[in-house]
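In: Sequence and predicted structure are below.
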Amino acid sequence: MNETLRTIEEETRARIEEAESQEALDEVRVSILGKKGRLTQILKGMKDLSPEERPKMGQQVNEVRQLIEEMMQEKKNKMKHALLTERLKRETIDVTLPGKRQIRGHRHPNQIALEDLERVFIGMGYEIVEGPEVEYDRYNFELLNIPANHPAKDEQDTFYITKDILLRTQTSSVQARIMEKGKLPIKIISPGRVFRSDEVDATHSPSFHQVEGLVVGKNVTMADLKGTLDQFARQFFGPNTKTKLRPHHFPFTEPSAEVDVTCFKCGGKGCGVCKGSGWIEILGCGMVHPHVLEMCGIDPEVYSGFAFGIGLERVALLKYEIDDMRLLYENDVRFLSQF
Ligand code: DAH
């Protein structure tokens with residue numbers, strides 16, 4: 001082989017071996033195979049050779065070029081491999097290191113109370129339904145026997161979106177929605193958020209939760225209502241809990257009552273939780289007013305029903321002996337994780 005070519009080949013081999021980076025390798029490539037590279041120069045000079053020498057020289061140059069390209073490729077692969085090995089070494093995982101501690105969330109007392117409550121009613125065959133928080137005046141008031149200008153509207157002042165659309169003040173709105181659908185019998189509870197323009201204090205919030213209950217069918221009586229609430233109270237507050245119905249007024253039930261339960265803390269003797277009376281008020285209820293049934297398309301001559309509305313925060317505060325409703329909304333983990 002031509003001396004010059006041999007020298008080029010040997011020198012290049014050495015340079016490739018020494019090259020430690022892709023850039024260094026590229027430099028070698030340019031200096032040999034580039035436009036002004038040494039091999040390229042030789043190819044260019046072939047025009048000065050005799051016709052006999054030319055093919056031989058051409059072939060030799062090509063051989064050397066091929067060899068150099070192979071060497072380069074091989075070096076490139078080696079570098080890649082080395083890089084990978086180095087990276088794998090660097091990224092090894094020490095499985096003996098202690099794991100990162102996962103901080104678990106905690107169910108909110110409201111949620112715990114709601115799930116307890118739902119379990120009781122599901123056990124009695126109730127279905128859980130939901131209604132919208134942004135509601136028509138029609139469902140929140142009108143169909144519940146609270147027409148325009150009714151004083152009950154003042155007591156439940158709320159946030160209006162338009163004249164006819166508002167943030168619901170009570171989950172009772174779901175009663176009207178379900179009855180209007182016309183599928184009977186009905187046996188539902190409906191938990192959800194409600195709104196009123198109340199100032200925040202230990203027992204009030206502009207946004208809180210209720211659980212509505214509604215049963216409509218043939219021969220549904222007040223005894224069914226009382227039995228249902230007794231069952232609920234015993235399962236939710238403890239097996240010795242008794243209930244007491246106190247006459248009250250709600251526009252959409254007749255008769256209506258407020259329900260007290262014997263204090264689960266003192267059993268009725270009187271203590272701090274029940275403020276000495278032995279009884280704690282937990283909900284409002286009554287027999288669905290015939291006019292409400294009628295407005296919702298149900299014949300009150302054939303069907304009757306009862307309804308109740310439980311303040312979720314109220315029962316949660318009682319059950320967990322929390323004395324300030326605001327604690328439920330601050331969501332301080334130190335507070336929440338106690339339940
Ligand atoms: N919606 C009533 C309120 O927010 C509570 C209530 C009372 C619901 C009697 C009822 C009921 O379903 O029958 O004060």
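Out: Looks like it came in fine.
In: CA atoms for contacts and neighbours, from now on please.
Out: OK.
In: how about the strands of the protein, start to end?
Out: Taking DSSP state E as the test, the strands found in the chain are 127-128, 134-136, 165-167, 186-195, 207-217, 243-250, 253-262, 279-288, 304-311.
In: Mean pLDDT, distance to residue 157 and mean neighbour count added to the ones you listed, as TSV?
Out: What follows is the strands of the chain, written out as TSV (pLDDT from 0 to 100; distance: least, C-alpha to C-alpha, whole Å; neighbours: other C-alpha atoms under 10 Å):
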stretch	mean pLDDT	distance to residue 157	mean neighbour count
strand 127-128	98	27	16
strand 134-136	98	14	19
strand 165-167	97	10	19
strand 186-195	98	9	22
strand 207-217	98	12	22
strand 243-250	97	16	17
strand 253-262	97	20	21
strand 279-288	96	19	24
strand 304-311	98	17	23
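In: Compute the distance from the centre of the longest helix that the chain contains to the centre of its chain.
Out: Counting by DSSP state H, the longest helix found in the chain is helix 53-90. From the chain centre to the centre of helix 53-90 is a distance of 57 Å (C-alpha atoms, centre = their mean, to the nearest Å).
In: still on that earlier bit, and the strands of the chain: which comes nearest residue 226?
Out: strand 243-250 (8.1 Å; C-alpha to C-alpha).
In: and the nearest residue to residue 240 once chain neighbours are set aside, how far is that from residue 279?
Out: In space, and not counting its chain neighbours, residue 240 is closest to residue 234: 6.4 Å by C-alpha to C-alpha, 6 or more residues apart in numbering. Residue 234 sits 14 Å away from residue 279, taking C-alpha to C-alpha, to the nearest Å as the criterion.
In: what's the answer for residue 329, then?
Out: Taking C-alpha to C-alpha as the measure, residue 329 falls 26 Å from residue 279.
In: got it, and residue 195?
Out: Distance of residue 195 to residue 279, computed by C-alpha to C-alpha: 27 Å.
In: which bits of this structure sit near the ligand?
Out: Counting by C-alpha under 6 Å from any ligand atom, the residues of the chain close to the ligand are 170, 172, 212, 250, 253, 284, 285, 286, 307, 308, 309.
In: you'd agree the second one is up against residue 212?
Out: Put plainly, it is residue 172. Yes - counting by C-alpha atoms under 8 Å, residue 172 does reach residue 212; the two are 6.1 Å apart.
In: between those two, what contacts are shared?
Out: residue 309 (C-alpha atoms under 8 Å, 6 or more residues apart in numbering).
In: quick one: contacts for the residue nearest to residue 240?
Out: Counted by C-alpha under 8 Å, 6+ apart, residue 234 has contacts 240, 241, 242.
In: What is the burial count for the second one?
Out: Spelled out, that is residue 241. Residues lying near residue 241 (other C-alpha atoms under 10 Å) number 19.
In: That one touches residue 263, doesn't it?
Out: Yes - under the criterion of C-alpha under 8 Å, residue 241 makes contact with residue 263 at 7.5 Å.
In: Quick check: the gap between residue 225 and residue 2.
Out: In terms of C-alpha to C-alpha, residue 225 sits 111 Å off from residue 2.
In: Of the two, give the one with the bigger neighbour count.
Out: Of the pair residue 225 and residue 2, residue 225 is the one with more neighbours under other C-alpha under 10 Å, namely 20 against 10.
In: Can you tell me the closest non-neighbouring residue to that one?
Out: residue 306 (6.2 Å).
In: right, and the one you found touches residue 218 too?
Out: No - look at residue 306 against residue 218 with C-alpha under 8 Å: they stay out of range, at 11.4 Å.
In: Can you list the low-confidence ranges for the chain?
Out: Across the chain, residues meeting the criterion (pLDDT under 70) sit at 1.
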